[in-house]
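[1] need the 3D shape of this:
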Amino acid sequence: MAKRETKLTLADIQKNAEVVNTKQKFYIDKDQEKFIYYYPKFSKRKITILINDLSHTMSYVEQHKLDFFNNDDELHHYILFLMIKHFTDLQAELKDKSIETHFATMHQLVDIGWYELFLMDMFTIAEVSNALAEISKRLNLSIKYVELEKELQQQLQTGNTPT
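    Here you go, the predicted structure:
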């Protein structure tokens, strides 16, 4: 039996958007009824906001010569922390806080075991992996763009015409 084609409608778009914009409760401690709201599906828009946040943080760290991002592991941990921030209600509390507060919060989450709890039990491996792939792809594109821009500037300064 052949599949029936269906035309995409505005209702389809709205229904799919609703899925990525719906929060659920995650119980950190059922006995104390302590929970956090989170997004089980990661929207592309929120990933873009996360990337902008990461870019801003990296610039701030560089400008202020802070002792962060000394290796790839620290950067990776911070990206995962940003997922916790942007895909939970922590976003509302952290959005106007300093970058130093972000790092302190990340370390506190690690210390109390919630960092791993959120990443392993609250979010699905598929969502985290997809987000990391998207971030990596977009950052690589950004880096390539910056490199091309530098090359072009050098060529213009030396009088060579770009090829």
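
[2] quick one: the strands in the protein?
    Under the criterion DSSP state E, strands of the chain are mapped to 24-29, 34-38.

[3] redo the ones you listed as CSV? Include mean neighbour count, mean pLDDT and distance to residue 82.
    No exception for glycine: its C-beta is placed from N, CA and C like everyone else's. As requested, the strands of the chain are exported to CSV (neighbours: other CB atoms under 10 Å; pLDDT from 0 to 100; distance: least, CB to CB, whole Å):
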stretch, mean neighbour count, mean pLDDT, distance to residue 82
strand 24-29, 12, 94, 18
strand 34-38, 14, 95, 14
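
[4] do you know which of these lies nearest residue 96?
    With distances scored as CB to CB, the stretch of the strands of the chain nearest to residue 96 is strand 34-38 (18.9 Å).

[5] list the helices and strands the closest one packs on?
    With contacts taken as 3 or more CB pairs under 8 Å, 6 or more residues apart in numbering; DSSP states H and E, strand 34-38 sits against strand 24-29.

[6] and residue 39, how far from residue 4?
    For residue 39, the distance to residue 4 (CB to CB, to the nearest Å) stands at 32 Å.

[7] in the protein, which helix or strand is least confident?
    Least confident helix or strand of the chain, by mean pLDDT, DSSP states H and E, is helix 125-158 with a mean of 80.

[8] what comes up buried for it?
    127, 128, 131, 134, 135 (16 or more other CB atoms under 10 Å).

[9] more neighbours, residue 39 and residue 4?
    Legend: neighbour count by other CB atoms under 10 Å for residue 39 and residue 4, higher for residue 39 (21 against 5).

[10] the more buried one and residue 20 touch, don't they?
    Yes. Using CB atoms under 8 Å, residue 39 is in contact with residue 20, at 7.1 Å.

[11] low-confidence ranges in the chain?
    The model of the chain has pLDDT under 70 over residues 141-146, 149, 159-163.

[12] center of it, which residue is that?
    In the chain, the residue lying closest to the centroid (CA atoms, centre = their mean) is residue 50, at 3.7 Å.

[13] what's it in contact with, if anything?
    79, 82, 83, 85, 86, 131, 135 (CB atoms under 8 Å, 6 or more residues apart in numbering).

[14] any chance of those in a markdown table, with distance to residue 115 too?
    Converted to a markdown table, the contacts of residue 50 look like this (distance: CB to CB, whole Å):
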| residue | distance to residue 115 |
| --- | --- |
| 79 | 12 |
| 82 | 12 |
| 83 | 10 |
| 85 | 11 |
| 86 | 15 |
| 131 | 16 |
| 135 | 18 |
